[in-house]
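# this one's structure only:
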Ligand code: AHR
């Protein structure tokens, strides 16, 4: 029986890249259209077509990097259809997501505007599956070349004189599946070829991200690292927490059993094993850890809300999602030597969203609040932490009751994020603050009384952060009591 957490205030273990707190927005369901883009003529208040309420909410969580336009959509997207006057843009079918009409009104210029308004780095995913090398190369030229060239000229004609700064570029998405059903050997060769023409123009230096493995496809990572590691800066990994069976029934987002709570926790924790194992393969080829692991799709994936388009992936979000977010972010922090970016799927109205919209209404989800509370870890120094707490046995499932992460911010304060994964029992333990001259402690908590507690358009503030008072300081030890199913962030000043 363990009941101790030790924070080693004087043992730092590298920087937690702020991009671990990144996001992903795809042309899928109501994420881009309705969720972000409403158009300038909409009665919904907007800035050049981008809705103001969503902008304001997202600004609060400090999104460091935003991945776009997909996902599976990326390998069907032809960027030239999405520039120029809106009325002239090609209307196409979004074959992968619901077969709806894509009017291409949200394209490169609109995405760059969104990033500018959010003060976030754009991360663009190019089309390998159904695109050409020339098309990808010209997109990079269009966005980043300043000077005389056909693409730069076209960009200027379309209203953008200065090139944009673009750092992150993905060479395809899920090329083992919707991005072309390729074998790793074939994709590795295509990656080598396509990335050659992703040029650095002027001062713009692109961080090239190769399409990585699905879940535990270690062979994919092995082949990509073996064949192309020197030509990449990052290699992606995708993992979704699905309590049920992906094809036969994932489980409801809101109407779930105690067993489903437990399996969700256990599956969320599994990403630790995946990062460790993929990371070990990467270490063999890249012991200096130059190539970042880019977890550019993660989060919960449940059955869609009853009555909604199955191709839109719209799901509600409960305190269970908040726990998955808290656990996953703690794990990414812990692996900050290799994990350089992570992008939760997806920002608005799709999968584990930050915000949900209904016409002119918008609500914040429990996951949103976790990102807002955890933003203190962005670019902070990771502190060594030892966790020795009880494990929970719930039916057939067993997992540690507490997940935690600690970091030291630039202002010298220490932030500790803690999750109690048990939906019934309080987690009581001592927290030993070694090498820390404790002066003041304060905390915030996100919790609920029911495992499926959520915010709705009728009750938008059902789940929201409050002050955390469940601690008592005895010299350099905090006696902590975390309520069941809670996410807490403590702030300590020395
Ligand atoms: O996020 C939804 C989809 O999940 C993405 O489009 C795809 O890359 C993944 O399979």
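Good, I have the coordinates. No experiment lies behind these values; they were computed from the predicted model shown.
# Residue 487 and residue 327 touch, don't they?
No - the criterion here is C-beta atoms under 8 Å, and residue 487 misses it with residue 327 at 9.0 Å. C-betas here are computed from N, CA, C, even on glycine.
# Overlap in contacts, the two.
Here residue 487 and residue 327 have residue 419 as joint contacts, going by C-beta atoms under 8 Å, 6 or more residues apart in numbering.
# Can you get me a residue count around the closest residue to the ligand within the stretch 1-150 of the chain?
Taking C-beta to the nearest ligand atom, the ligand has its nearest neighbour within the stretch 1-150 of the chain at residue 71, 2.7 Å off. Residue 71 has 29 neighbouring residues, counting by other C-beta atoms under 10 Å.
# Apart from its neighbours in sequence, what residue is nearest it?
Leaving out its chain neighbours, the residue that sits closest to residue 71 by C-beta to C-beta, 6 or more residues apart in numbering is residue 26, at 3.8 Å.
# do you know how far that neighbour is from residue 322?
For residue 26, the distance to residue 322 (C-beta to C-beta, to the nearest Å) stands at 22 Å.
# got it, and residue 458?
20 Å.
# need the contact list for whichever residue of the stretch 101-250 of the chain sits closest to the ligand.
Nearest residue of the stretch 101-250 of the chain to the ligand, counting by C-beta to the nearest ligand atom: residue 174, 4.5 Å away. Contact analysis of residue 174 by C-beta under 8 Å, 6+ apart lists 71, 72, 75, 211, 214, 238.
# okay, it: pLDDT?
pLDDT for residue 174: 98.
# ok, now residue 3?
At residue 3, pLDDT is 84.
# what's the neighbour count on the residue nearest to it when sequence neighbours are not counted?
In space, and not counting its chain neighbours, residue 3 is closest to residue 429: 4.4 Å by C-beta to C-beta, 6+ apart. Using other C-beta under 10 Å, residue 429 is surrounded by 22 other residues.
# go on, residue 150?
By other C-beta under 10 Å, the residues close to residue 150 number 11.
# quick one on the thing from earlier: elements contacting whichever strand or helix holds the residue nearest to residue 3?
Assigned by DSSP states H and E, residue 429 falls within strand 427-434. Packing partners of strand 427-434 (3 or more C-beta pairs under 8 Å, 6 or more residues apart in numbering; DSSP states H and E): strand 3-15, strand 477-482.
# Heading C-terminal from that strand, find the next helix or strand.
Strand 427-434 is succeeded, C-terminally, by strand 440-446 (DSSP H and E).
# contacts for the next helix or strand after that next one?
Going down the chain from strand 440-446, the next helix or strand is strand 466-467, by DSSP H and E. The contact list for strand 466-467 (C-beta under 8 Å, 6+ apart) reads 442, 443, 444, 445, 446.
# Report the strands that pair with strand 466-467, each with its relative direction.
strand 440-446 (antiparallel) (DSSP bridges).
# angle of the strand it pairs with against strand 477-482?
Counting by axes from the mean of the first three to the mean of the last three C-alpha atoms, to 10 degrees, strand 440-446 lies at 10 degrees to strand 477-482.
# So for strand 440-446, mean pLDDT?
For strand 440-446, mean pLDDT is 97.
# who does the strand holding residue 429 pair up with?
With DSSP bridges as the test, strand 427-434 is paired with strand 3-15 (parallel), strand 477-482 (antiparallel).
# just so I know, which of the ones you listed lies nearest residue 158?
Nearest to residue 158 among the strands paired with strand 427-434 is strand 3-15 (37.9 Å), distances taken as C-beta to C-beta.
# Please identify the buried residues of the closest one?
5, 6, 7, 8, 9, 13 (16 or more other C-beta atoms under 10 Å).
# Apart from its chain neighbours, what residue comes closest to the last one?
What it means is residue 13. In space, residue 13 is closest to residue 382, 4.5 Å off (C-beta to C-beta, 6+ apart).
# Helix, strand, or coil at that neighbour?
Following DSSP: H, G, I helix; E, B strand; the rest coil, the label given to residue 382 is strand.
# and the gap between it and the ligand?
Distance from residue 382 to the ligand, counting by C-beta to the nearest ligand atom, to the nearest Å: 28 Å.
# what pairs with that residue across the strands?
Here residue 382, judged by DSSP bridges, has bridge partners residue 407.
# returning to that earlier point: from what I see, the residue nearest to residue 71 and residue 69 are in contact.
Yes - using C-beta under 8 Å, residue 26 is in contact with residue 69, at 6.4 Å.
# overlap in contacts of those two?
residue 32.
# Neighbour count: these two, which is higher?
residue 26 (28 against 25).
# The more buried one belongs to a helix?
No - going by three-state DSSP, the assignment for residue 26 is coil, not a helix.
# quick one: the helices in the stretch 301-450 of the chain?
319-334, 366-374 (DSSP state H, counting those that start in this stretch).
# How about the stretch 51-200 of the chain?
Under DSSP H, counting those that start in this stretch, the stretch 51-200 of the chain gives helices at 52-60, 108-118, 133-144, 150-157, 184-196.
# Which pLDDT value goes with the residue nearest to residue 398 when sequence neighbours are not counted?
Closest residue to residue 398 apart from its sequence neighbours, by C-beta to C-beta, 6+ apart: residue 391 at 5.5 Å. Looking at residue 391, its pLDDT is 92.
# how many neighbours does residue 391 have?
With other C-beta under 10 Å as criterion, residue 391 counts 13.
# For it, give me its contacts.
Here residue 391 is in contact with 398, 399, 400, 401 (C-beta under 8 Å, 6+ apart).
# Now do the closest residue to the second one other than its chain neighbours: how many residues are near it, please.
Take residue 399 and drop its neighbours on the chain: the residue closest to it by C-beta to C-beta, 6+ apart is residue 266, 5.0 Å away. Residue 266 is flanked by 18 other residues according to other C-beta under 10 Å.
# cool, residue 112 as well?
Taking other C-beta under 10 Å as the criterion, the count of residues near residue 112 is 18.
# Give me every residue in the stretch 1-150 of the chain that's in contact range of the ligand.
Neighbours of the ligand within the stretch 1-150 of the chain, by C-beta under 6 Å from any ligand atom: 26, 70, 71, 72.
# Switch those residues over to JSON lines; also include pLDDT.
Listed next are those as JSON lines, based on pLDDT from 0 to 100:
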{"residue": "26", "pLDDT": "98"}
{"residue": "70", "pLDDT": "97"}
{"residue": "71", "pLDDT": "97"}
{"residue": "72", "pLDDT": "98"}
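# For those, name the two members farthest from one another.
26 and 72 (7.8 Å).
# Low-confidence regions, the chain specifically.
Along the chain, segments meeting pLDDT under 70 span 1-2.
# from the stretch 201-350 of the chain, which residue is nearest to the ligand?
Closest point on the stretch 201-350 of the chain to the ligand, by C-beta to the nearest ligand atom, is residue 345, at 4.1 Å.
# wait, isn't that residue in contact with residue 295?
No - the criterion here is C-beta under 8 Å, and residue 345 misses it with residue 295 at 10.3 Å.
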